[in-house]
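Participant: Using only what follows, build the 3D model:
(chains A and B)
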Amino acid sequence: MVANKNLLRWVGASFVLVNLVMLAVWGWGTLFLLGLGFGGVVCAAGWWADDIDFTNEFPLLVSLIAVLTIFGRYFYFVFTNPDDLAGGLSRFVSAIIFMIVIEVIAHSLVAAQNATADADERDKSIERAASRWGYIVLVAGVWVLIAQLVSRVVLEQAMYSGYLLANLLFLIFIVAELANIVARLLYYRLGLSRG
Amino acid sequence: MASITNQVPRLRFEADGMSQQALADAVGVTRQTIIAIEKNKYSPSLEVAFKIAQVFECRLEQVFAYE
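Facilitator: Numbering: from 1, shown residues only, chains lettered A, B, ... in the order given. Here you go, the predicted structure:
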């Protein structure tokens, strides 16, 4: 299923308006930011492209914005409060639960539109090609972390804190996942040639 | 740089305006993949290329060209 650009503009603008009103009334919060970001991206997609693949690209867009906002907020807390282990753990659990809820809602919306379809050879090719980008980022991140830990240049504090080290590794994992999502979106938008 | 081009839109038009969805169903891929092939954004596998040629009852090189 594809959503035409008028629908995208209408839905995106509605999201932005509703969230702006909520922001004005209740103030800042992750949920509002998420809606605002999602509305902005959908609205922009309405101008950028003729149509958007609802089956594949919509869940990817939702995942991208959700990972950026939810884990961005989590890592901001962790690295600005490196001694608050209990606060970090509770935020970690809530971030995971929030991600699961958002993913379930996004995939339910796709299913409700009867847009589910088995992945064909193009989807699998794109998944493979994007996974390579994610893997490259993951490996590069781990090597940079190892080098920093050995040379004790930047991350001296992490040498003595398993909590910080675990979060640095988690950050690398999340960045690799982001690279994977962005690569898949770009391959769906710009095309994928064999070779 | 050489690339793979195709005559899928013209062949669909000549086949009584076959829809992208009908071609996708006949070949066993999604409509999005047919759209990507027509826009030269995706080069299909040999298997899918042969299936497309089979649907239009023509030879492979009448559908796809490397130029």
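Participant: Now do the contacts for the nearest residue to A:Y74 once chain neighbours are set aside.
Facilitator: Of all residues not flanking A:Y74 in the chain, A:A95 sits nearest, at 4.6 Å (Cβ to Cβ, 6 or more residues apart in numbering or on different chains). In short, each C-beta sits where N, CA and C put it, glycine included. Counting by Cβ atoms under 8 Å, 6 or more residues apart in numbering or on different chains, A:A95 touches A:I70, A:F71, A:R73, A:Y74.
Participant: Apply 7 Å and report the result again.
Facilitator: By Cβ atoms under 7 Å, 6 or more residues apart in numbering or on different chains, A:A95 lies in contact with A:I70, A:F71, A:Y74.
Participant: Quickly note the distance from the second one to B:E57.
Facilitator: Separation of A:F71 from B:E57 (Cβ to Cβ, to the nearest Å) stands at 53 Å.
Participant: So if I had to pick from these two, which one is more boxed in?
Facilitator: A:F71 (23 against 9; other Cβ atoms under 10 Å in any protein chain shown).
Participant: ok, A:T69 touching A:G37?
Facilitator: Yes. Assessed by Cβ atoms under 7 Å, A:T69 is found in contact with A:G37 at 6.3 Å.
Participant: and the residue in chain B that chain A sits nearest to, what pLDDT?
Facilitator: At 2.8 Å from chain A, B:K41 is the closest residue in chain B, using Cβ to the nearest Cβ. B:K41 is assigned a predicted lDDT (pLDDT) of 87.
Participant: now B:A53
Facilitator: On the pLDDT scale, B:A53 gets 95.
Participant: What mean pLDDT does stretch A:129-137 get?
Facilitator: 96.
Participant: where does the residue of chain B closest to chain A fall, phi/psi-wise?
Facilitator: In terms of degrees, to the nearest 10, the main-chain angles of B:K41 are phi -100, psi -10.
Participant: So for it, what's the nearest residue that isn't a sequence neighbour?
Facilitator: B:K41 sits nearest to A:G191 (Cβ to Cβ, 6+ apart), 2.8 Å away.
Participant: where does that neighbour fall, phi/psi-wise?
Facilitator: phi 100, psi 160.
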